[in-house]
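Asks: Need a 3D model of the following:
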Amino acid sequence: MEDKEASNSKGTPTKKARRVCHYNVDWESRFVWLNKCDEDNTKGYCKLCKNSFTVAYDGLKAVTHHAEAKKHKECESAAAMSHRMKSFFTPKGSTQSEKVGIAELTEVYHSIKHHISYVAQDCSLKVLKQVINDSDIVKQMTGGRTKCKPSFVSVFNGTCAGRFKE
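Replies: Numbers count the residues shown, from 1 in each chain. Have a look, this model is predicted:
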């Protein structure tokens, strides 16, 4: 019995100890969707898939393997096609919001000066959005009777009432 144990210990090589890799912060510059997992420094977290994976044994190879996975590619294409809700709104008080407001009021004033109806003005605004599709200001402009009339009454009636009466 002692002979068998001696031969086993001499015949089979000892297992190599695997090195444990840790998360490298430099990977975040190459992969924008990657974050360090809060729980463990041997794991990475994918912001797109909302999934954590281990980098303990493969390191960078594990990250590239995750990037090539089918699920990750689907999440990546979905993120590229979707837009954030913030892109549809401008924050109040920003210069972009002020420019949009000025453009809307100018359009309303032009419509009223040339006796263009609110419906026709709204239609021309829709055409402008299609023709001038690279302007962020035109994209965010809105019109129609419900917005044009109060805009005119509140702004032009209060500030320009004296000029029109004379």
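Asks: for Cys46, what are its contacts?
Replies: Shown in contact with Cys46 (Cβ atoms under 8 Å, 6 or more residues apart in numbering): Trp33, Leu34, Asn35, Ser52, Phe53, His66, His72, Cys75. From N, CA and C alone the C-beta is placed, and that goes for glycine too.
Asks: pLDDT at Leu60, what is it?
Replies: You'll see Leu60 listed with a pLDDT of 88.
Asks: Tell me the helix or strand right after the longest helix belonging to the chain.
Replies: Longest helix in the chain by number of residues, with DSSP state H as the criterion: helix 95-113. Tracing the chain past helix 95-113, the next element assigned as helix or strand by DSSP states H and E is helix 118-131.
Asks: My guess is Met141 contacts Leu105. True?
Replies: No - applying Cβ atoms under 8 Å as the test, Met141 and Leu105 come out as separate, 10.3 Å apart.
Asks: list residues touching both of these two?
Replies: If you check Met141 and Leu105 against Cβ under 8 Å, 6+ apart, no residue is contacted by both.
Asks: pLDDT score assigned to Gly44?
Replies: For Gly44, pLDDT reads 91.
Asks: Use 891 as the first number for this chain going forward.
Replies: All set: I'll call the first residue 891, so the last point we hit is now Gly934.
Asks: how about the strands in this structure?
Replies: 924-926, 933-936, 941-944 (DSSP state E).
Asks: Can you pull out the low-pLDDT segments for this protein?
Replies: Scanning the chain for pLDDT under 70 picks out the ranges 891-900, 975-983, 1035-1036, 1038-1039, 1042, 1045-1056.
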